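Chemist: The following block contains a protein sequence and its predicted model.
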Amino acid sequence: MSTAPAPTHEEAPAENKPPTVVLRCDGTRAAKGEVVAIAPLDFRNPSFLAESELRRLRSVHEDYLRGLTSRLSALLRSEVAINLTKFGTQSYEEFIGGLKSPGQISMFRVAPLNGVGYIEMPPDFAIALTNRILGGREPVANPEAYLTDIETALLEDVVAIFYSEWCELWREQAALTAQLLGHETNPRFMQSTEKNAAMLVAAIDVAFGRAQGIVQVAVPLSMIEPMMKQMDAGRARETGAHRGGSGVAWKAHYDNIAIPLCAELVAPRTTVADLLKLKPGDVIELPATALDSTRLNVAGAIRFTARAGQQNGYMAVQITEKLSDLKK
């Protein structure tokens with residue numbers, strides 16, 4: 001009597017595999033056989049942009065390219081062609097990992113925003129730019145040459161155009177002032193941004209004469225967040241999306257969410273020496289007004305003042321005032 005070979009792991013029947021459980025945002029479980037679109041999400045970078053926000057920013061940066069074209073043409077005294085070849089978000093670690101060493105990286109800061117921006121270009125293209133500023137016509141013959149101190153100083157005029165035009169993008173949202181922080185050739189030495197920080201990266205193809213190179217402009221998303229909020233508020237006013245009296249619709253499944261609630265009595269101040277002497281059984285005297293100035297802590301924030309007492313044999317507090325300014 002012949003026997004069939006035991007099924008391998010790949011041949012195991014589908015019914016032996018554990019079922020996939022899908023839970024919705026409200027805690028309900030998706031029905032068996034229901035088609036659910038599941039997309040991967042990198043939780044280390046939760047601030048990456050949605051597609052609609054990315055499209056809006058790309059449209060804004062189209063104006064950036066037009067400003068760069070005119071100003072670079074005037075500086076280089078040559079016709080300049082500029083195209084946006086890449087536009088998206090990635091982590092700072094990924095951005096740095098994609099840079100070549102040695103490279104030509106310029107760092108700038110924009111007041112009053114937080115964070116550091118980066119302008120990166122190949123060293124040979126950077127030399128071609130400085131050569132053209134000095135009146136040269138042909139690109140550099142040695143693509144592995146390093147920039148001298150004089151060439152680096154000349155390149156700062158080009159870098160200033162890139163970050164000053166970037167500031168002009170947001171002139172309707174804020175008055176920005178950019179400042180060059182310095183240059184770096186090895187990306188490993190740059191530690192001005194957290195590794196997991198989300199970056200907005202624009203790769204710009206710049207060509208003039210016989211020279212061509214990719215210039216990358218990268219800024220942390222946290223740097224442009226204030227302007228994006230103002231852009232969204234302006235669009236909402238124009239479209240009438242936010243009207244007085246309207247609010248977000250309340251969802252019934254929020255009703256059963258447990259919220260920690262704590263009543264706090266304000267104790268008198270004491271010295272560190274007396275605090276270290278405290279032990280179980282010690283008595284701390286409270287002021288006579290302590291019960292009338294009880295604080296109600298809701299989920300870690302002081303939201304109400306209350307009066308403490310007893311009701312029906314239980315300890316109770318009666319809310320006396322709602323605080324407008326939340327206190328931690």
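Modeler: Perfect, thanks for sending it. Predicted model, so just to flag it, every value in this text is computed and none were measured.
Chemist: tally of neighbours for Lys160?
Modeler: Just so we're on the same page, residue 160 is Ala rather than Lys. 18 (other Cβ atoms under 10 Å). For the C-beta atoms, the positions are set from N, CA and C on the backbone; glycine is no exception.
Chemist: meant to ask about Val60
Modeler: The local packing of Val60 (other Cβ under 10 Å) involves 15 other residues.
Chemist: So which residues of the stretch 101-250 of the chain form strands?
Modeler: Taking DSSP state E, counting those that start in this stretch, the strands of the stretch 101-250 of the chain run over residues 104-111, 116-121, 177-184, 198-208, 211-220.
Chemist: Now tell me what touches stretch 157-166 from outside.
Modeler: 64, 67-68, 71-72, 75, 106, 108, 110, 117, 119, 129, 133, 178, 180, 215, 217, 219 (Cβ atoms under 8 Å, 6 or more residues apart in numbering).
Chemist: What subset of those residues is buried?
Modeler: Burial by neighbour count, judged by 16 or more other Cβ atoms under 10 Å, picks out 64, 67-68, 71-72, 75, 106, 108, 110, 117, 119, 129, 133, 178, 215, 217, 219 from the contacts of stretch 157-166.
Chemist: Do me a favour and average the pLDDT over stretch 71-86.
Modeler: Average pLDDT, stretch 71-86: 93.
Chemist: Name the residues that touch it?
Modeler: Contacts with stretch 71-86, where a contact means Cβ under 8 Å, 6+ apart, come from 58, 61-62, 65, 68-69, 129, 132-133, 157-158, 161, 165, 201-209, 214.
Chemist: can you check stretch 22-32 too?
Modeler: Outside stretch 22-32, the residues that touch it by Cβ under 8 Å, 6+ apart are Pro19, Val21, Glu34, Val36, Ile38, Lys251, His253.
Chemist: Against Asn114, how distant is Val159?
Modeler: According to Cβ to Cβ, to the nearest Å, Val159 stands 21 Å off from Asn114.
Chemist: Downstream of the longest helix anywhere in the chain, the next helix or strand is which one?
Modeler: Secondary structure of the chain per DSSP state H: the longest helix is helix 51-76. Per DSSP states H and E, the first helix or strand lying C-terminal to helix 51-76 is strand 80-91.
Chemist: can you give me the helices for the stretch 201-328 of the chain?
Modeler: With helices called from DSSP state H, counting those that start in this stretch, the stretch 201-328 of the chain shows them at 221-239, 272-276.
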